[in-house]
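**Q** need a 3D model of the sequence below.
(one chain, ligands or ions: 1)
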Amino acid sequence: MHAPIGVFDSGIGGLSVLRSLQRELPNERFVYLADSANAPYGEKSEAFIRQRTHAIAEYLLAQHHIKALVVACNTATAATIHELRERHPALPLVGLEPALKPALALSHTRRIGVMATRGTVSSDKFARLLASVQNEAHFEVQACNGLALAIEQSTLPDQATVAQAKIAQLLQIYTRAMGRFGSAPGEIDTLVLGCTHYVFVENALRQLLGPDVQLVSTGEPVARQTQRLLAAANLLNTSSSAGHPPPIELLTTGDLQGLQAAAQRWLGLSAECCRAISDAHGVG
Ligand code: DGL
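**A** Model (predicted):
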């Protein structure tokens, strides 16, 4: 059996990336780790995020023998991707960044909204990315404290109702703070979802902003980039699984029920794919 591809996020947000990876790479095995016990990363210190990211990468390498790693989290990528590359030079590694450049290609009004975590928007990596495109359009950048956490909580049966109301309230507040949305001159016509969790509230955003606003996320380009890297390293699994999707493992450091509900709701995966992991592995 071919080695799996490791995918991780602070929580369930990276499942939105896993969905694209599964479509692009149907013959691959995946092991996904949600660090939900420590979510949200976006409001924690950079040192903490780095420590978690390294521990998770080591765990996935040692216990699951992954052949590649996708950091399905903008916040962890911004804080740690350079260090990860230095520590694991032979490991194909894919990180995420808010899709400012793809948004430029889509926007007609040249006003682009960006929603991301505080950790992402206050990082040096994001500052450099923004500086590289700032002459070409106006970017309205919004740190969305509390939103990733509310999305995490929306999968927990006992917290779902309160969390849904919180999500609706935060989306109102943050989109209003960015300005007017629409396709007329001076309006924001393109919105970058710079956190993998936000993809799961796309429908609510569409309802709020109307049909003229384009939402841009990174799952598909990241999946294509992963495919290219694996092909270049000769690590692609080319043998077809003949109608049987390869096994997938979803792990969480947090609440198992939350991961099971998210996997079922967003990926149509059964609860048996999910497992809680603990301190014994050094990441729980
Ligand atoms: N889903 C993550 C991201 O893409 C982080 C959310 C959080 O834990 O704050 O940025």
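**Q** which residues of this protein score low on pLDDT?
**A** Within the chain, the stretches with pLDDT under 70 are 1, 241-243, 245, 279-282, 284.
**Q** show me which residues of it sit near the ligand.
**A** 9-11, 13, 39-42, 73-75, 117, 120, 148, 195-197 (CB under 6 Å from any ligand atom). Just so you know, the C-beta spots here come from the backbone N, C-alpha and C atoms, and that holds for glycine as well.
**Q** just the ones of those residues in helices?
**A** In this view, the residues of the chain next to the ligand that belong to helices under DSSP state H are 74, 75, 120, 148.
**Q** who's in contact with the third one?
**A** The contact partners of residue 120, taken as CB atoms under 8 Å, 6 or more residues apart in numbering, are 42, 74, 75, 78, 98, 126, 194, 195.
**Q** same thing but 10 Å
**A** 41-42, 73-79, 96-98, 114, 126, 129, 141, 143-144, 194-195 (CB atoms under 10 Å, 6 or more residues apart in numbering).
**Q** again with the last one
**A** Contacts here follow CB under 10 Å, 6+ apart; on that basis residue 148 touches 9-13, 39-43, 73, 75, 116-117, 195-198, 200.
**Q** need the buried ones from the residues you listed selected in ChimeraX.
**A** Buried members of those can be picked out in ChimeraX with the line below, counting by 16 or more other CB atoms under 10 Å:
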select :9,10,11,12,13,39,40,41,42,73,75,116,117,195,196,197,198,200
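**Q** and residue 128, how far from residue 78?
**A** Going from residue 128 to residue 78 by CB to CB, to the nearest Å gives 10 Å.
**Q** between those two, what contacts are shared?
**A** Counting by CB under 10 Å, 6+ apart, the residues touching both residue 128 and residue 78 are residue 97.
**Q** now the helices: where do they sit in the stretch 151-284 of the chain?
**A** 160-178, 202-209, 219-232, 256-267 (DSSP state H, counting those that start in this stretch).
**Q** how far out from the middle of the chain is the last one?
**A** This points to helix 256-267. Using CA atoms, centre = their mean, to the nearest Å, the distance from the centre of helix 256-267 to the centre of the chain it belongs to is 15 Å.
**Q** only alpha carbons, please: show it as CSV.
**A** Only the C-alpha atoms of helix 256-267 are listed here, as CSV (Å, rounded to 0.1, in the frame of the first residue of the first chain):
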residue,chain,number,x,y,z
LEU,A,256,-14.5,13.2,18.1
GLN,A,257,-18.2,13.9,17.5
GLY,A,258,-17.4,17.3,16.0
LEU,A,259,-15.0,15.8,13.5
GLN,A,260,-17.4,13.0,12.7
ALA,A,261,-20.2,15.4,12.1
ALA,A,262,-18.1,17.7,9.9
ALA,A,263,-16.7,14.7,7.9
GLN,A,264,-20.2,13.4,7.3
ARG,A,265,-21.7,16.8,6.5
TRP,A,266,-19.0,18.1,4.2
LEU,A,267,-17.3,15.1,2.7
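**Q** outside of that helix, which residues touch it?
**A** Against helix 256-267 from outside (CB under 10 Å, 6+ apart): 11-13, 15-16, 18-19, 22, 32, 34, 36, 39, 151-160, 199-200, 248, 250-253, 255, 269-277.
**Q** again, only this time at 7 Å
**A** 12, 15, 18-19, 34, 36, 152, 155-157, 200, 250, 252, 269, 271, 273-274, 276 (CB atoms under 7 Å, 6 or more residues apart in numbering).
**Q** which elements pack onto the helix or strand that residue 7 is a member of?
**A** Applying DSSP states H and E as the criterion places residue 7 in strand 5-9. Judged by 3 or more CB pairs under 7 Å, 6 or more residues apart in numbering; DSSP states H and E, strand 5-9 is in contact with helix 15-24, strand 30-34, helix 46-64, strand 68-71.
**Q** got the angle between the second one and helix 46-64?
**A** Okay, so that is strand 30-34. 150 degrees (axes from the mean of the first three to the mean of the last three CA atoms, to 10 degrees).
**Q** that older thread, tell me which residues are up against the strand holding residue 7.
**A** 14, 17-18, 21, 28, 30-35, 56, 60, 64, 66-73, 196.
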